[in-house]
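> Structure of the sequence below:
(chains A and B)
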Amino acid sequence: MSLAPGERNLPTVLRLPTGLTVVSGTLQVQVPPMELLPGEWAVLLPPAGADLPEPATDLARRLGTLGMPARGTIELFGSPIAALTYAELMRLRSQVGYVPHRGGLLANRSIADNLGLPLSIHARLGSQAEAARVAELLAQFELSDRADKRPHQLDPTHYFRALLARALTLRPQWLVVEGSGDFDSDTDGDGSWPAICAWCEQGPAAAVAVLARRHVRFEAWASGHGARLVEWLVATNEVPS
Amino acid sequence: MLKTVDAIGSKVVGLVRYTWFLLAFLYLAVKMLWVGRHLGQRDLFRQVLMQVYFTAVQAIGPIVVLALAVGVFAIVEGVGGIGTLSGADNLGRMVTVVVLREVAPLLTGVVVIVRSVTAIAAELGSMRVHREVEALEIMGIAPIRFLVTPRLIGGLLSLFGLTVLFAATALLGGFAIAQLLVKLPANVFFDAVLSATRPADLGMFLVKVGVGGVGLVLIGCYHGMDVVDSPTEVPVAVSRAALNSLIFLVLLNGVVSVANLAGRDPTSLLLGGLP
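Residues are numbered from 1 along each chain as shown, chains lettered A, B, ... in the order given. Model prediction:
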């Protein structure tokens, strides 16, 4: 999936010029310097044998512009996010898709309403165009028969699909996915990860999946589909006395 | 002795800080209306309507029952006590004071606390736990504008509407039911009520309803949004919201009523009957 050399003049989507350190409880998560161009995607993996859901979530949140890292700079579309004002950050976030590992759908709205929310706030396309885009996403993720259901009525597989569909509603250029690393439970063979992969290939987008633990079958599948596998390091957080 | 001073000082500092946070929260909620003006307004409008539906429309039943009971009580007691001693003027004054100025804003506020402030704190707290608030942020939707601002507007409109409904029901319905118990000419009663209603009464009514409507919902929203990530924090947030909003409501009503009395000549209070 890597771009041909001639296409590398595209603006970088994500750049971590000096790497990244994120504090998560008593641990420090360290990510090496990296950059992602449009059309690329990466999988950030914990050290082998570790199961670190909270550090993975904290790392994903920083990459999704929620909160600042302890050390290092996150540049999205060429701008360090620490330098943005709140209003600029909110505008930037309309170009960011984020798929949390648990929760995230608004419980008091139907699935269709959840998908339509970013459109009604940011896109203001008009009711018909919004409904058409929502119907397109529902069909793409095989959720059409669950459009009127509430989030708590979905099983985990459909919930994950709905989160992914909502993250793609505004056609984001930067997609962050939190995953447990359990390839089977995250996809259940339904093609959610292939959808992420396809999104990067077809659009001017880049994506990163942050996993809480390693899964050999997923790593093999992801690297076979062009993902760059990056291992993050874990250290004990030393609090200055 | 020092421990007591310490404890009092700590409480005072805590109260000042809490008030400061609430005011900052209110400032953000109002500011977001301007900052987010380029974002879609349709959803804001929809949320305001939903809040009015949950807070006002669904509370009409309890408010009507309470208002009828208070109206009958005030009128029957007025006729049986003050009315027979001092005439229709003081009956009207008493009903105005009891129903319009004091009881309507207070009881309506209590109903809003029991039904809506607790529900708002529980809903927002639960949204924090389930990462729905975070999901809004990542979609570029300011949670305060999306969750707090419409609830404040809806709460203000609801408390105003419910208090007006309470007062009207207490006066009209209370009078109708009281007719079954005591014979009171309608023109005498309503003339007395209207002539006893002063501009200051309406001013107090508006201050209590306006400040109360915003304050109660603000406290509910603040405690709901104060939940971090544990489900066990939600019931704590709900009970704090209910208790603090009840204290706020009673203090507000007391302070406004006392402020109204403060500027008046004490002899007129004694000789002129009810303030």
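> What is the neighbour count of residue 117?
As the question left the chain open, I've gone with chain A. 24 (other Cβ atoms under 10 Å in any protein chain shown). (Each C-beta comes from the backbone N, C-alpha and C, glycine too.)
> that answer is for a different chain, and I need it for chain B
Neighbours of B:Val117 (other Cβ under 10 Å): 31.
> same thing with B:Glu233?
For B:Glu233, the neighbour count with other Cβ under 10 Å is 16.
> what's the answer for B:Val207, then?
17.
> helices or strands up against the strand or helix carrying it?
Per DSSP states H and E, B:Val207 falls inside helix B:199-225. Other elements packing on helix B:199-225 under the criterion 3 or more Cβ pairs under 8 Å, 6 or more residues apart in numbering or on different chains; DSSP states H and E are helix B:2-35, helix B:104-112, helix B:118-129, helix B:149-181, helix B:233-262.
> export these to JSON lines and tack on mean pLDDT and distance to chain A?
Converted to JSON lines, the helices and strands packed on helix B:199-225 look like this (pLDDT from 0 to 100; distance: least, Cβ to the nearest Cβ, whole Å):
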{"stretch": "helix B:2-35", "mean pLDDT": "91", "distance to chain A": "6"}
{"stretch": "helix B:104-112", "mean pLDDT": "94", "distance to chain A": "20"}
{"stretch": "helix B:118-129", "mean pLDDT": "95", "distance to chain A": "7"}
{"stretch": "helix B:149-181", "mean pLDDT": "88", "distance to chain A": "13"}
{"stretch": "helix B:233-262", "mean pLDDT": "92", "distance to chain A": "13"}
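> for those helices, which one sits closest to A:Glu142?
Minimum separation from A:Glu142 across those (Cβ to Cβ) falls at helix B:118-129, 27.2 Å.
> helices or strands up against the closest one?
For helix B:118-129, the elements it packs on are helix B:199-225, helix B:233-262, judged by 3+ Cβ pairs under 8 Å, 6+ apart.
> buried stuff in the shortest one?
Residues of helix B:199-225 classed as buried by neighbour count (16 or more other Cβ atoms under 10 Å in any protein chain shown): B:201, B:204-205, B:207-209, B:211-225.
> Pick out the residue nearest the middle of chain B.
Geometric centre of chain B, nearest residue: B:Gly109, 3.4 Å, by Cα atoms, centre = their mean.
> Could you do chain A as well?
A:Val176 (1.4 Å).
> Mind giving me the packing neighbours of the helix or strand that one falls within?
Per DSSP H and E, A:Val176 falls inside strand A:174-179. Where contact means 3+ Cβ pairs under 8 Å, 6+ apart, strand A:174-179 is packed against helix A:53-63, strand A:96-99, helix A:156-167, helix A:192-202, strand A:206-211.
> do the second one and chain B meet?
The one in question is strand A:96-99. Yes. In terms of Cβ under 8 Å from any Cβ of the partner chain, part of strand A:96-99 sits within range of chain B, namely A:96, A:98.
> Beyond that strand, next helix or strand please.
Downstream of strand A:96-99, the next assigned helix or strand under DSSP H and E is helix A:111-118.
> now what about that following helix, what contacts it?
Defining contact as Cβ atoms under 8 Å, 6 or more residues apart in numbering or on different chains, one finds that helix A:111-118 is touched by A:94, A:105-106, A:109, A:130-131, A:133-134, A:137-138, A:143, A:146-151, A:154, A:162, A:165-166, A:169-170, B:43, B:139-141.
> Next: stretch B:207-214.
With contacts defined as Cβ under 8 Å, 6+ apart, stretch B:207-214 is touched by B:26, B:105, B:109, B:112, B:152, B:155-160, B:163, B:249, B:252-253, B:256.
> Show the contacting residues for A:Glu54.
Contacts of A:Glu54 (Cβ under 8 Å, 6+ apart): A:24-25.
> count of neighbours near A:Glu201?
14.
> Could you do the one 5 residues further on as well?
Neighbour count for A:Ala206, taken as other Cβ under 10 Å: 25.
> thought it was touching A:Cys200?
Yes. Using Cβ atoms under 8 Å, A:Ala206 is in contact with A:Cys200, at 6.2 Å.
> and for those two, which residues touch both?
A:38-41, A:175.
> If we only consider those, which is nearest to A:Trp232?
Among those, A:Trp41 lies closest to A:Trp232 (Cβ to Cβ), at 15.9 Å.
> returning to what we had before: the helix holding B:Val207 versus helix B:2-35: what angle between them?
90 degrees (axes from the mean of the first three to the mean of the last three Cα atoms, to 10 degrees).
> what angle do helix B:199-225 and helix B:118-129 make?
Using the same axes, to 10 degrees: helix B:199-225 against helix B:118-129 is 30 degrees.
> ok, of the contacts of helix A:111-118, which come out buried?
Counted by 16+ other Cβ under 10 Å, the contacts of helix A:111-118 give A:94, A:105-106, A:130, A:133-134, A:137-138, A:143, A:146-147, A:150-151, A:154, A:162, A:165-166, A:169-170, B:43, B:139-141 as buried.
> out of the shared contacts of A:Ala206 and A:Cys200, who's nearest B:Leu181?
A:Leu175 (71.1 Å).
> OK, contacts around that closest one?
Neighbours of A:Leu175 in contact, by Cβ under 8 Å, 6+ apart: A:96-99, A:167-168, A:196, A:199-200, A:205-208.
> redo that, cut-off 10 Å
Residues counted as contacts of A:Leu175 (Cβ atoms under 10 Å, 6 or more residues apart in numbering or on different chains) are A:13, A:41, A:64, A:95-99, A:164, A:167-168, A:196, A:199-200, A:203, A:205-209.
> Beta-bridge partners for it, please?
A:Gly97, A:Ala207 (DSSP bridges).
> Ok, A:Leu20 next?
A:Val31, A:Gly72.
> who's in contact with it?
A:29-34, A:44, A:59, A:62-63, A:69-74, A:232.
> Separate out the buried members of these.
For those, a burial check counting by 16+ other Cβ under 10 Å picks out A:29-31, A:34, A:44, A:59, A:62-63, A:69, A:72-74, A:232.
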